[in-house]
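>>> Got a predicted structure plus its sequence, pasted below:
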Amino acid sequence: MRYTVLIYEDAGEKLFGAVVPELPGCVSQGETLDEALANIRQAIEGHLAAVAEHCEDIPAESGLPIIATVEVQPTMFAVR
C-alpha cells in the first residue's frame, strides 16, 4: 500500500516533521529527511496494525493529492 506523506522542515528546530493526511493522527519526525521517512513508515505500520486489531477497514488513498500555495496579504492581520 502507498500513502502520501507530507514533510515539513523546521529549520529552527533542525527537524523534519511528517504527516499522513489519509491517516489522521499518524505523525512522526526525524533529524534528517531519511530519518523522518523511516520513522513515518514505522508510524504508518503501527497505525495500520491498530486499525486491523480493532477489526476496522484499512484506509486507502482516496485520490491523488493536490498541493497548492495560497498567498495572503499580511495587512489583513493585526501585528502584535
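Yep, that arrived. Numbering: from 1, shown residues only.
>>> ok, residue 16 to residue 6 distance?
According to CB to CB, to the nearest Å, residue 16 stands 11 Å off from residue 6. Every C-beta, even on glycine, is put in place using the N, C-alpha and C of the backbone.
>>> More neighbours: the two, which one.
Neighbours were counted for residue 16 and for residue 6 using other CB atoms under 10 Å; residue 16 has more, 21 against 13.
>>> Next, the residue nearest to residue 23 when sequence neighbours are not counted: secondary structure please.
With sequence-adjacent residues excluded and distances taken as CB to CB, 6 or more residues apart in numbering, residue 23 is closest to residue 47, at 5.2 Å. Of the three states, residue 47 takes helix according to DSSP: H, G, I helix; E, B strand; the rest coil.
>>> helices and strands of the protein: which one has the lowest mean pLDDT?
For the chain, the helix or strand with the lowest mean confidence is strand 6-10, at a mean of 94 (criterion: mean pLDDT, DSSP states H and E).
>>> starting at the chain centroid, how far to that one?
8 Å (CA atoms, centre = their mean, to the nearest Å).
>>> Report the buried residues of it.
Neighbour-count burial for strand 6-10 flags no residue at all (criterion: 16 or more other CB atoms under 10 Å).
>>> which helices and strands sit right next to that strand?
On a contact count with 3 or more CB pairs under 8 Å, 6 or more residues apart in numbering; DSSP states H and E, strand 6-10 meets strand 15-19, helix 33-53.
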